[in-house]
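A.B. asks: Pasting the sequence and the predicted coordinates here, then a few questions.
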Amino acid sequence: MALRDPIDKNLLRMQGRRFALRCDAQVSSIERADTLREISRLASSITLPYSIIEDETARDALRLVQMRAEDRARELIEEQIHNFARAEENLRDKQKRAMLDAWTNLTGPLGHLRTWAQSKLMAAEQQSN
């Protein structure tokens, strides 16, 4: 595509704005999500089209989606660990298995949160003993 053509520039700018609006809708969905599976699915389902890969607005919008998904996942993980720490001794094993199972859904851009969550869980277990 010739970037000197004003029509092509405007078309790319319009595609970038449309992608940014899609990302904003995705962020709203992420904020309402209440499971790690849903957050991971929403975070990895949106990809930047090649035609607008150089558009700053589109890249910033995608970065915002990934940051918000990570923040929301961290919130849910911390809530799970807090509930685990408050649970009775006989229910902790069941909760731990459920948490570890839920953390397997952390894939794609959220995959690094698995090790973070496991370290937080280990710290919570040591404090409760």
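C.D. replies: That came through, no problem.

A.B. asks: Just give me the residue closest to the centre of the protein.
C.D. replies: In the chain, the C-alpha nearest the mean C-alpha coordinate belongs to A69, at 2.5 Å (CA atoms, centre = their mean).

A.B. asks: Counting by contacts, list what the helix ranked longest in the chain packs against.
C.D. replies: As assigned by DSSP state H, the longest helix anywhere in the chain is helix 56-86. Other elements packing on helix 56-86 under the criterion 3 or more CB pairs under 8 Å, 6 or more residues apart in numbering; DSSP states H and E are helix 6-32, helix 36-44, helix 89-103, helix 113-128. All C-beta atoms are positioned from the backbone trio N, CA, C, and that covers glycine.

A.B. asks: make it 6 Å
C.D. replies: With contacts taken as 3 or more CB pairs under 6 Å, 6 or more residues apart in numbering; DSSP states H and E, helix 56-86 sits against helix 6-32, helix 36-44, helix 113-128.

A.B. asks: thinking again about what came up before, got the contact list for the residue nearest to the centre of the chain?
C.D. replies: With CB atoms under 6 Å, 6 or more residues apart in numbering as the criterion, the residues that contact A69 are I30, I39, A43.

A.B. asks: which non-adjacent residue is nearest A20?
C.D. replies: A61 (4.0 Å; CB to CB, 6 or more residues apart in numbering).

A.B. asks: close enough to count as contact, the one you found and R22?
C.D. replies: No. Taking contacts as CB atoms under 6 Å, A61 lies outside contact range of R22: 8.0 Å.

A.B. asks: More neighbours: these two, which one.
C.D. replies: Just comparing A61 and R22: by other CB atoms under 10 Å the higher neighbour count belongs to A61, 22 against 15.

A.B. asks: mind showing which ranges of this protein have poor pLDDT?
C.D. replies: Filtered on pLDDT under 70, the chain yields the residue ranges 1-3.

A.B. asks: coming back round to it: okay, buried residues for the longest helix of the chain please.
C.D. replies: 58-59, 61-62, 65-66, 68-70, 72-73, 76-77, 80-81, 84 (16 or more other CB atoms under 10 Å).

A.B. asks: for stretch 33-44, same thing?
C.D. replies: A33, L36, E38, I39, S40, R41, L42, A43, S44.
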